[in-house]
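>>> how would this look folded up:
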Amino acid sequence: MNVKSLDIKNFRCFEEARMCFHPQFNLIVGINGMGKTAILEALRIMIGSLFLKVDKVADKISSPSIAKDDVRLASLEMQYPVRLGAIADIPEFKEKSAPNLLGENEITWYRSLETNGGKTTSKNAKMMVEASKAMQESIRDVESKITIPLIAYFSTDRFKKEKRDIGVEPDGSRLRGYYNSMDSLTNVKFFLDIWFTETLWELQNGKTSPMLSAVKQAIKNCLDDCEDAYFDMKVQELVMIQKNPSRQLPYHMLSDGVRSMFAMVMEIAFRCYLLNPHLGDNAPLLTPGVVLIDEIDLHLHPEWQMRVVNDLSNAFPKVQFIASTHAPLVVGSLSKGKIICVDNNQVYDFSLQYGKDANYILREMGASEMPIDIKGLISKYYSLIQQGLGLSDEAKELREKLNSHLGKDHSELQRADLMNSLFSNR
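Modelled structure (predicted):
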């Protein structure tokens, strides 16, 4: 499954917008308040429609709806109708829903909220309803080896607040792979409990759990400093074995960045296996689906910002990622995919910036790479140089201020030195 396009009308800050997506990696960029999260929330509602005819599990599986807070305001008046539309490829269920397909694997569906106090409609989501029914039938068929697509959403509140404990089912339906997958809060404890029960199974049977093998490999693919991870039965906690420096750290002692990345990769990998146990320890590599991530750079060191796109793509090569980011290092690391820019509640395609430095990308995105007051000092310094006054007392005073703020080796000051040598020799 992958999403090809999204249409928005009267949803949050958008009066109307349309965007298309790459089947692999998509980055949504733009300054705060322009609508990046709104796009991800709209996608959450649309791909969550896959649950419309799936067996609901209280507090665990539900199909997201358009909420009152999602309705666009104009002069404090709520604007109706709110409408969302999407086109997606869902080849996993093309045979059972073939009569409704637009293309070979393509389906289209709409969700809307027509009035204040109304409910989100699904009357125009018949194609997705058929796909949802087909998926549920495949799940009930214990002999079925159809691969079920992963869908998951990671909000900016992920790992800040734990959802109330819903308990763990050590074994059971493939639907466990969808538990809380569209929820804005995390439920890391659910997956830590599964790690614990799988460890008990290994000890009891003297075998290696293919589920844990799959999860560990995905984590090592994304965290190169992780040599291994295991559940320590004595301290009753997950432990990561770190390479450099060589040490063992309990999960709760990991830094925010490491813990955030570890938890997200662990969750995605567990979901892949729970949905598709027939794929064995290759489940993370072979499971398709869509993963939404708000602020993919959250808590990440710049070195990891440059790697996160490639690491996730390599660990989960069949998953379509759609993520928002503020980090130019993340934007510059995307070599294959699409960048969508949001500005003044308008959406447009942005050219790939692979290999370009952070300052260049910031300028391309319309952002300033340094404070306005510093830019003012540089501009004044350049002006003096161009007037042949680059060695004047005023220019020297400006240079000392810029040295203290930027450092003597800053590229702007090196450029100023070159200009000075040219203009002073006139």
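>>> Quick one: neighbours of E202, just the number.
16 (other C-beta atoms under 10 Å). C-betas here are computed from N, CA, C, even on glycine.
>>> Please disregard the earlier target; I meant K375.
By the measure other C-beta under 10 Å, the count of residues near K375 is 13.
>>> Can you tell me how far it is from K401?
Separation of K375 from K401 (C-beta to C-beta, to the nearest Å): 13 Å.
>>> got it, and T186?
Using C-beta to C-beta, one obtains 46 Å as the distance from T186 to K401.
>>> Those two: which has the busier surroundings?
Using other C-beta under 10 Å as the criterion, T186 and K401 rank with T186 on top: 22 against 12.
>>> Run a quick check on that one versus M266, I expect a contact.
No. With contacts counted by C-beta atoms under 8 Å, T186 stays clear of M266, the gap being 11.0 Å.
>>> For L113, give me its contacts.
For L113, the contacting residues are 65-66, 70-71, 80-82, 119-121, by C-beta atoms under 8 Å, 6 or more residues apart in numbering.
>>> Counting neighbours, which of those residues comes out on top?
Counting neighbours by other C-beta under 10 Å, V82 leads those with 26 neighbours.
>>> how near is that one to V129?
When distances are taken as C-beta to C-beta, V82 and V129 turn out to be 20 Å apart.
>>> what's the answer for I87, then?
Taken as C-beta to C-beta, the span from I87 to V129 is 15 Å.
>>> How about L292?
Taking C-beta to C-beta as the criterion, L292 is separated from V129 by 21 Å.
>>> When those two are compared, which one has more neighbours?
Each of L292 and V129 had its neighbours counted (other C-beta under 10 Å), and the higher figure belongs to L292 (24 against 20).
>>> The host helix or strand of that one: partners in the sheet, and parallel or antiparallel?
Under the criterion of DSSP states H and E, L292 resides in strand 289-293. Based on DSSP bridges, the strands next to strand 289-293 in the sheet, each with its direction, are strand 150-154 (parallel), strand 319-324 (parallel).
>>> Which residues does it contact?
When contacts are taken as C-beta under 8 Å, 6+ apart, the neighbours of strand 289-293 outside the stretch itself are 1-3, 40, 43-44, 47, 149-154, 264, 268, 316, 318-324.
>>> what bits of the stretch 251-400 of the chain have low per-residue confidence?
The stretch 251-400 of the chain contains residues with pLDDT under 70 at 358-360, 362-370.
>>> Please repeat the previous calculation with a cut-off of 90.
255-257, 260, 298-304, 326-329, 341, 343-346, 348-379, 381-391 (pLDDT under 90).
>>> Let me see the ranges of the helices in it.
Taking DSSP state H, counting those that start in this stretch as the criterion, the stretch 251-400 of the chain contains helices spanning 256-275, 283-286, 302-305, 308-315, 328-332, 358-364, 372-386, 393-406.
>>> Kind regards, and thank you for your time.
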